[in-house]
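Enquirer: Next one to model:
(chains A, B and C)
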Amino acid sequence: MNEEVGNAPSELTVRARIAAMLPRKSGELVFEAPWEREVFGMAIALCEKGVISFDELRWRVVAAISAWERANRGQEDKFRFYAFWLDSLERLLLERGVLKDSELKVGRRENQSD
Amino acid sequence: MLDTETIELFLQHAHRRIEGWLIEFEEKLDEGLVELPLLESARAELRRHMYVEEKLVFPRAEHKFKEVVALLLEGHGFIWDAAEKLWSEAHRQQDIGSLKKSTQALARLLAIHSAEEDMGIYPDLLDLLGPAASAELLRSCSVATAPQDWVCSARCATRPPTI
Amino acid sequence: MSEARYKGSPLPIPQQYPLSEEELTARTKALQALLIEKGFLSSDMIERVVSIYEKDIGPLLGARVVARAWVDPEFKKRLLADATKACAELGIGGMQGEHMVCLENTPKVRHVVCCTLCSCYPWPVLGLPPNWYKYPQYRSRLVANPRQTLREDFGLSIPDDVEVHVWDSSAEIRYFVLPQRPSGTEKLTEEDLAKLVTRDSMIGVGDPLPPSSLS
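Expert: Predicted structure coming up:
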């Protein structure tokens, strides 16, 4: 028997809606590099944990892509979808106070030397 | 009560199908074949999809997403031009290398544009319009066909090529 | 985007792309390390999320059809009699002229569906066709030697006393499979049942997930 919880979308619906937005090649999710998988995984895991909202993340991703597109006509071959996710995720986490700018900077410096 | 197909999924699926046709066309190019029927499928679906967006979807979203819709319409123009270039090239000559470049150029434009729509506009349609109106929009979109003489309003074949 | 969304928060300024692969990798690693250190995530969690989306659980619409058929015997009858019409009951049926047929797996019969073109795939219920589905080699090997292909390519071993039927989809008739309901699922809700249905099980090259996958 199906149980309804008010009008809240079911977990299945939320996942399906997110899944429908992702770039695919022949039905398979496209990750061109390991970091892309990790960015995606982090973002969605944080959404599922309720740390950030997926809607807020996707709005930032779209705004970033739109701004980039305007500034980069003719450079479409440089488009990296998940780079915008990474950027937007960092911004959102900073805005929400989940992370501090100084922490991110230190982390980047440490990992750069790997 | 389980959910049903939404206007959001309908439009996103159209994106994936168009991408699919172009991917197949490119894969055939890699085999040295120019499969015009694949390109014709992409062309027909792309044309119909752009018509549906410009005539039915964008006008409903414009008041809330003014800037984004303006950018998307502009994007349609570039996509239209890149698509026209590809179709005419494929019919005129069969230089595989050049066709591959044109196909990839179109695919990239579509990828960026689709990302903006798939993640930005489409998921908000249901909230924006409410269940009844978005169901009605789905109905009209699923039966709409582009008239023979319809052309994208933002196209500009005289624009210098950026691809 | 609408200004209202960004109350109190400045619009993002695009980074200088392209960033190099090294930079992107380093930044990702840094972010991940930070989030794990602060207890927001574990690397298991990240991997699990990716695999859920990669396995394409769902595709949602088809999974719902299957789950409904598992719990509702009358719906199942209608589905097997006229799949297009039954799917329409659930609001599924994207393109015009699409004629779908549903094939029921039983303890004695298993169905596998193949085709060579993107266009023969039942889009409305199964979403997007997987890459391997389109390869002519897959089709010819499946038709010539279904048991071996299923075992070697998909890790699916079918006992000798079970018949295997291979179906060739066309633009006119698009087949999909109604897999058998996994055991131990008597108490599950329709929604949870849908989560067990994979795209591969609806093509016939895999089984649905076991109920243990829900935890």
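Enquirer: okay, CA-based contacts and neighbour counts for the rest of this
Expert: Will do.
Enquirer: and the helix or strand harbouring C:Leu142, anywhere near chain B?
Expert: Element membership of C:Leu142 [criterion: DSSP states H and E] is helix C:136-144. No. For a cut-off given as CA under 8 Å from any CA of the partner chain, helix C:136-144 has no contacts with chain B; the smallest distance is 12.5 Å.
Enquirer: Show me what that helix is packed against.
Expert: helix C:146-154 (3 or more CA pairs under 8 Å, 6 or more residues apart in numbering or on different chains; DSSP states H and E).
Enquirer: pLDDT of stretch A:47-64, averaged?
Expert: Per-residue pLDDT values over stretch A:47-64 give a mean of 91.
Enquirer: So for that stretch, could I get the coordinates as CSV, restricted to C-alpha?
Expert: Taking Å, rounded to 0.1, in the frame of the first residue of the first chain, the C-alpha atoms of stretch A:47-64 are listed here in CSV:
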residue,chain,number,x,y,z
CYS,A,47,21.6,17.3,-0.5
GLU,A,48,20.4,14.0,0.7
LYS,A,49,21.8,14.8,4.2
GLY,A,50,20.0,18.1,4.2
VAL,A,51,23.2,20.2,4.5
ILE,A,52,22.3,22.1,1.3
SER,A,53,19.3,22.2,-0.9
PHE,A,54,19.5,20.8,-4.5
ASP,A,55,17.4,23.7,-5.8
GLU,A,56,19.8,26.2,-4.4
LEU,A,57,22.7,24.4,-5.9
ARG,A,58,21.2,24.0,-9.4
TRP,A,59,20.2,27.7,-9.5
ARG,A,60,23.8,28.7,-8.9
VAL,A,61,25.1,26.2,-11.4
VAL,A,62,22.7,27.6,-14.1
ALA,A,63,23.5,31.2,-13.2
ALA,A,64,27.2,30.4,-13.5
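Enquirer: State whether C:Val112 is indeed within a strand.
Expert: Yes. Assessed with DSSP: H, G, I helix; E, B strand; the rest coil, C:Val112 lies in a strand.
Enquirer: Enumerate every residue touching it.
Expert: C:Val164, C:His165, C:Val166, C:Trp167, C:Val177, C:Ile203, C:Gly204, C:Val205 (CA atoms under 8 Å, 6 or more residues apart in numbering or on different chains).
Enquirer: all helices for chain A, in order.
Expert: According to DSSP state H, chain A carries its helices in the segments A:11-20, A:34-48, A:54-71, A:81-95, A:101-112.
Enquirer: For the one residue sitting closest to the centre of chain A, list the residues it contacts.
Expert: Closest residue to the average C-alpha location of chain A: A:Trp85 at 3.7 Å, with CA atoms, centre = their mean. For A:Trp85, the contacting residues are A:Val39, A:Phe40, A:Ala43, A:Leu57, A:Val61, by CA under 8 Å, 6+ apart.
Enquirer: Check chain A for the residue nearest chain B and tell me.
Expert: A:Gly74 (4.7 Å; CA to the nearest CA).
Enquirer: C:Ala194 against C:Trp70, yeah?
Expert: No. Using CA atoms under 8 Å, C:Ala194 is not in contact with C:Trp70, being 9.6 Å away.
Enquirer: ok, then the element right after the longest helix along chain B?
Expert: In terms of residue count, the longest helix belonging to chain B (DSSP H) is helix B:66-92. Downstream of helix B:66-92, the next assigned helix or strand under DSSP H and E is helix B:96-116.
Enquirer: That following helix close to chain A?
Expert: Yes. Helix B:96-116 lies within reach of chain A by CA under 8 Å from any CA, at B:Ala105, B:Arg108, B:Leu109, B:Ala111, B:Ile112, B:Ala115, B:Glu116.
Enquirer: out of these, who's nearest C:Leu35?
Expert: B:Ala115 (26.5 Å; CA to CA).
Enquirer: quick one: low-confidence parts of chain C?
Expert: Scanning chain C for pLDDT under 70 picks out the ranges C:1-18, C:55-60, C:91, C:93-98, C:116-137, C:171, C:215.
Enquirer: For it, which helix extends over the most residues?
Expert: helix C:21-37.
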